[in-house]
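Participant: Provided below are the primary sequence and the corresponding predicted coordinates.
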Amino acid sequence: MAENTKMVPAVILGGHVSAIGVIRSLVVDPSIPVILVLPKNAWATSFAQFSRHIDRYYVYDQDSSIIQIIKEISNEYGYNPVIYPTGTDYYVKILSRFYKNLKENCHLPLNPDNIEKVMNKKYQHKVARILKIPVPKSITFSTSNLDEIKSLEYPIIIKALTRNRFGQNFRLNVLTNNTDLKKFYRNTSKIINKEFNILQACEVIPGADNQLYSYLAYYHQGSPKGELVGRKIFQYPKSFGQASVAENQTDFEDEVKKLGRRLMQHLNYHGLVQIEFKFDKRDKNLKLIEINPRAWSWIRLATDSGVNLPLIQYYCMIGKRWPNTIQSQKKRYYARGDFVIRNTLKRTSSDLLFIIQNITRIGFSKFSIRDPLPEIMFLAFKFLRMLHYKGAAEEASLA
């Protein structure tokens, strides 16, 4: 039975770029109360709290506090809120860990039977091989089998198997030769012993950033309710980063959807998902890179393309009918301004020129004329931090 949409709140966990994208997607329905849950002492990465579209926000100081906050929201509004984990997999892991304690108090966008596995890159590639979906050659390793990395061809990318810890320092390391490998060996104990037990080493598929394609979707109990295909045009950092500029119309659209559906239906997936593939020109195959089981940084591109995935999730979870959506035939782009500036300053890509040429078709990650404060506060923080570092450097020079 459908709940009264006037009072069912949407609770967004996290406050960075992907959270802003979810907020601006949900505001299409002004009856939805939008609530943020943010980590204590992390305002510098929680710019979504300054959005004019949120009703309120809560701050937590430990994982268990998130659970208590969700229950308080449920009791106050009288309806179970719809939950949106954003950022890394950190919030997905918390929801999984406390699933039994939470399931009666909110709408959770995950399949408790396998979500812990789905967050693991080794498992993702294992499932892909079962389904005969190509993947790059990779190994998992710890301090006991470091030499197995030598079985791969350079360049090699080292990644954490999961990204589900708050404040996780290690993200990736790229090795291009034996010198890089020796340096990595020297630092391995710091990474493995302090942060992880196991890492993944993977051969890098050659090709530019615009060979990265993503299946973007919301699945409800194993069934796709909204989907589209996007492509990165530029990244920051180049080759191994997040989307700096992305687009909605791509080559291989049918093939990407086919592969994405096969993976999601096999996993009986439930929730928002981004599945990234890269086209390998050597054998003409799309190969699975990773599965991100939550809202991703450039989710607003889906909304701008006519497939409002966060709103589809909301309506599906409260039992309200949502008409079938079809990806717009109009070309749309996503851009993240701070990444564009960094790439321009480093002269690693032509992001800025591209944006100038396509400005009328671009939706920005943080900036919006109707909701400017998140971008303003982000820029203010960056400016203050620059002054702080400059002052510290001058003080050091006088010491």
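Facilitator: Good, I have the coordinates.

Participant: would L286 count as being in a strand?
Facilitator: Yes - counting by DSSP: H, G, I helix; E, B strand; the rest coil, L286 is found in a strand.

Participant: please name the residues that touch it.
Facilitator: Applying Cβ atoms under 8 Å, 6 or more residues apart in numbering, we find L286 in contact with 134, 213, 252, 255-256, 259, 277-280. The way it works is simple: take the backbone N, C-alpha and C, and place the C-beta from them, glycine included.

Participant: kindly report the same for E253.
Facilitator: Here E253 is in contact with V229 (Cβ under 8 Å, 6+ apart).

Participant: one step back: top of the contacts of L286 by neighbour count?
Facilitator: The residue in the contacts of L286 with the most neighbours, by other Cβ atoms under 10 Å, is F277 (28 neighbours).

Participant: bridging residues for it?
Facilitator: As for beta bridges, F277 partners with Y213, L288 under DSSP bridges.

Participant: so it is in contact with V256, correct?
Facilitator: Yes - applying Cβ atoms under 8 Å, one finds F277 in contact with V256, separated by 6.2 Å.

Participant: what sits in contact with each of those two?
Facilitator: With Cβ under 8 Å, 6+ apart as the test, F277 and V256 both reach 213-215, 286.

Participant: so which of those comes closest to D89?
Facilitator: Nearest to D89 among the shared contacts of F277 and V256: S214, at 16.4 Å, using Cβ to Cβ.

Participant: so K117 is in which element?
Facilitator: helix 115-118 (DSSP states H and E).

Participant: please state the offset of that helix from the chain centre?
Facilitator: Taking Cα atoms, centre = their mean, to the nearest Å, the mean C-alpha location of helix 115-118 is offset from the chain mean by 16 Å.

Participant: repeat that for stretch 265-273.
Facilitator: Relative to its chain's centre, stretch 265-273 lies at 16 Å (Cα atoms, centre = their mean).

Participant: just the buried residues of that stretch, please?
Facilitator: Within stretch 265-273, the residues scored as buried using 16 or more other Cβ atoms under 10 Å are 267, 269-273.

Participant: just for the stretch 101-250 of the chain, where's the confidence low?
Facilitator: 164-169, 193-195 (pLDDT under 70).

Participant: which stretches of it form helices?
Facilitator: For the stretch 101-250 of the chain, the helices defined by DSSP state H, counting those that start in this stretch occupy 115-118, 121-130, 178-194.

Participant: save those as a markdown table, and put in mean neighbour count too.
Facilitator: Below are these laid out as a markdown table (neighbours: other Cβ atoms under 10 Å):
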| stretch | mean neighbour count |
| --- | --- |
| helix 115-118 | 19 |
| helix 121-130 | 18 |
| helix 178-194 | 13 |
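
Participant: mind putting the ones you listed into a markdown table with distance to I156?
Facilitator: Formatted as a markdown table, the helices of the stretch 101-250 of the chain follow (distance: least, Cβ to Cβ, whole Å):
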| stretch | distance to I156 |
| --- | --- |
| helix 115-118 | 24 |
| helix 121-130 | 14 |
| helix 178-194 | 8 |
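
Participant: looks like I133 contacts L259 (just checking).
Facilitator: Yes - with contact defined as Cβ under 8 Å, I133 counts as touching L259 (5.6 Å).
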